[in-house]
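In: Give me a model of this one.
(one chain, ligands or ions: 1)
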Amino acid sequence: MSETSTQKPDPFDFLGLDTLLSDEEILLRDTVRDFVDKEIKPNVAEWWDEGVIPHEDLARKFGELGMLGMHLEGYGCAGTSAMSYGLASLELEAGDSGIRSFVSVQGSLAMFPIWKFGSEEQKETWLPRMAKGEVIGCFGLTEPDSGSDPASMRTNARRDGVDWIINGSKMWITNGSIADVAIVWAKTDDGIRGFIVPTDTPGFSARDIKKKASLRASVTSELAFDDMRVPDEFALPGVASMRGPLSCLNEARFGIAFGAMGAARDCYETALRYSQEREQFNQPIGSFQLTQKKLVEMMVSVQRGSLVALHLGRRKDEGTLSPEQVSFGKFDNVRNALDVARTARSILGGNGITLEYPVFRHMANLETVITYEGTNEIHTLVMGQAITGLNAFA
Ligand SMILES: Cc1cc2nc3c(=O)[nH]c(=O)nc-3n(C[C@H](O)[C@H](O)[C@H](O)COP(=O)(O)OP(=O)(O)OC[C@H]3O[C@@H](n4cnc5c(N)ncnc54)[C@H](O)[C@@H]3O)c2cc1C
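Out: This next block holds a predicted model:
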């Protein structure tokens with residue numbers, strides 16, 4: 001029997017999870033971490049405060065790093081493993097959930113449907129430029145009256161000769177007003193179809209949603225389609241049902257299971273360092289039992305959630321990951337990340353409510369993350385159905 005190690009655990013990797021990663025995965029993870037440390041963390045509080053992001057600059061840099069559509073094969077995409085995509089999402093969200101959303105939407109929600117359901121010509125037309133960050137995409141599924149129940153959408157497309165005429169609107173669309181191309185999901189006589197719509201198409205308009213108190217370093221828009229005429233070549237030929245948008249969401253949710261742990265890790269690390277420096281009653285606040293309990297709870301949450309994410313990553317690469325297991329990761333990791341952020345905020349006291357530290361920003365962002373890509377209630381119902389065999393959606 002081997003002996004227990006006498007080596008003290010690393011406070012930033014208590015269970016030694018790095019040993020579960022290959023050298024190649026660690027290299028990629030460290031490259032993204034370095035990028036986030038240099039390009040995102042020093043600037044993101046200001047972007048968040050002003051409600052802007054330098055999207056063209058970021059898109060180009062993400063393109064150069066090979067991070068856009070990185071887990072897709074061919075057409076100028078990096079073709080990494082799912083695990084690598086997850087690790088990149090985690091590091092990006094340690095910077096900011098809005099920045100991770102930018103990359104998730106481009107890769108999993110805009111490029112993935114073209115890659116999966118598009119014609120060869122559509123793939124050649126769009127994917128190489130999207131991988132380089134020259135073309136920004138968005139994904140229009142949610143509508144003002146159709147959120148958790150996207151199948152109830154009203155946006156419709158009807159045939160008119162060789163063209164389609166699309167009418168309707170979409171709500172809460174990440175990158176909507178800065179996108180060059182929108183994936184628009186619409187009801188048709190054949191079922192729900194996806195359309196690749198250049199945003200300069202007559203009849204397309206986008207308006208930003210202002211006064212957000214969450215995900216401020218991210219553009220969120222409303223889209224409107226007014227008798228928008230598009231040729232049949234814009235329709236994705238490979239799917240005509242809710243399987244289309246849902247399979248895209250599944251890709252993005254997988255990244256969120258990792259990403260949420262990035263935000264949580266940044267909160268834990270910030271609180272740990274703060275607790276060692278900040279003194280009250282002539283002692284570092286980290287010496288108080290109540291603070292140590294909070295730090296340990298946070299550390300355990302981050303390690304446990306990261307372990308879940310890594311397990312999902314391995315299963316996805318093996319081809320054994322089910323959408324219900326993705327729901328597990330999205331559901332549990334995001335709610336735990338939110339708890340970690342709230343606890344970290346309490347350790348920072350008054351400083352915790354400012355943008356001088358990343359914690360409040362992460363906490364506010366995670367309110368979006370727990371809502372989009374299926375609310376936690378919806379993921380509860382997905383898993384509830386999986387374990388009972390009973391559908392409780394309606
Ligand atoms: C910042 C941001 C960015 C987004 N980006 C995109 C994007 O790029 N593209 C896109 O298409 N969408 C996007 N969304 C939309 C997002 O996916 C929806 O907000 C989400 O699906 C919830 O829909 P809703 O807001 O209409 O809430 P609703 O569906 O109205 O839900 C309200 C509440 O009711 C609960 N509820 C609903 N049905 C049930 C039920 N059967 N049982 C129990 N509880 C239920 C929900 O869980 C929630 O708590 C974004 C949202 C935000 C906030």
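In: Regarding the residue lying closest to Thr188 once chain neighbours are set aside, what is its secondary structure?
Out: Among residues not flanking Thr188 along the chain, Ala157 sits closest, at 4.9 Å (C-beta to C-beta, 6 or more residues apart in numbering). Every C-beta, even on glycine, is put in place using the N, C-alpha and C of the backbone. Three-state assignment for Ala157 (DSSP: H, G, I helix; E, B strand; the rest coil): strand.
In: Next, count neighbours for the one residue in the stretch 1-150 of the chain that gets nearest to the ligand.
Out: Scanning the stretch 1-150 of the chain for the residue nearest the ligand gives Gly147, at 1.8 Å (criterion: C-beta to the nearest ligand atom). By the other C-beta atoms under 10 Å criterion, the neighbourhood of Gly147 contains 16 residues.
In: In contact with it, which residues?
Out: With contact set as C-beta atoms under 8 Å, 6 or more residues apart in numbering, Gly147 has these partners: Met171, Trp172.
In: how far away is it from Leu310?
Out: 31 Å (C-beta to C-beta, to the nearest Å).
In: do Glu50 as well
Out: Taking C-beta to C-beta as the measure, Glu50 and Leu310 are separated by 35 Å.
In: hang on, the earlier thing: what about the residue nearest to Thr188, how many residues nearby?
Out: As a burial measure, Ala157 scores 27 neighbours (other C-beta under 10 Å).
In: Name whatever forms a beta bridge with it.
Out: On DSSP bridges, the residues paired with Ala157 through beta bridges are Ile166.
In: didn't it look like it was pressed against Lys187?
Out: Yes. With contacts defined as C-beta atoms under 8 Å, Ala157 counts as touching Lys187 at a distance of 7.2 Å.
In: Next up, the contacts around Ala386.
Out: Contacts of Ala386 (C-beta under 8 Å, 6+ apart): Glu324.
In: how much space between it and Pro323?
Out: Applying C-beta to C-beta, the value for Ala386 to Pro323 is 9 Å.
In: Wondering if the lengthiest helix in the chain reaches the ligand at all.
Out: Taking residue count as the measure and DSSP state H as the definition, the longest helix of the chain comes out as helix 243-277. No. Contact between helix 243-277 and the ligand is absent, the nearest approach being 7.8 Å (criterion: C-beta under 6 Å from any ligand atom).
In: For that helix, buried residues please.
Out: For helix 243-277, a neighbour-count test (16 or more other C-beta atoms under 10 Å) marks 244-272, 274-275 as buried.
In: next helix or strand past it?
Out: Secondary structure here is assigned by DSSP states H and E; on that basis, the next helix or strand after helix 243-277 toward the C-terminus is strand 279-280.
In: Assign the closest residue to Thr380 other than its chain neighbours to helix, strand or coil.
Out: What sits nearest to Thr380 in space, not counting adjacent residues and going by C-beta to C-beta, 6+ apart, is Phe331, at 6.6 Å. Here Phe331 is recorded as helix under three-state DSSP.
In: quick one: Phe331 from the ligand, how far?
Out: Look at Phe331 and the ligand: by C-beta to the nearest ligand atom, to the nearest Å, they are 11 Å apart.
In: so who does that residue touch?
Out: In this structure, Phe331 makes contact with Asn376, His379, Thr380, Met383, judged by C-beta under 8 Å, 6+ apart.
In: Please, a PyMOL command that selects the buried ones among those?
Out: Typed into PyMOL, the line below selects the buried ones among the contacts of Phe331, using 16+ other C-beta under 10 Å:
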select buried, resi 376+379
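In: Kindly reformat the contacts of Phe331 as JSON lines containing distance to Val162.
Out: What follows is these, written out as JSON lines (distance: C-beta to C-beta, whole Å):
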{"residue": "Asn376", "distance to Val162": "44"}
{"residue": "His379", "distance to Val162": "41"}
{"residue": "Thr380", "distance to Val162": "45"}
{"residue": "Met383", "distance to Val162": "44"}
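In: from the contacts of Phe331, which is closest to the ligand?
Out: Asn376 (6.9 Å).
In: That closest one against Val334, yeah?
Out: Yes. Using C-beta under 8 Å, Asn376 is in contact with Val334, at 6.9 Å.
In: intersection of neighbour lists for the two?
Out: Counting by C-beta under 8 Å, 6+ apart, the common neighbours of Asn376 and Val334 are Ile370.
In: So which residues of the protein form strands?
Out: 137-140, 156-160, 163-174, 181-188, 191-198, 204-208, 220-231, 279-280, 283-284 (DSSP state E).
In: Identify, out of those strands, the most deeply packed stretch.
Out: Burial of the strands of the chain is given as mean neighbour count (mean count of other C-beta atoms under 10 Å); strand 137-140 ranks first at a mean of 29.
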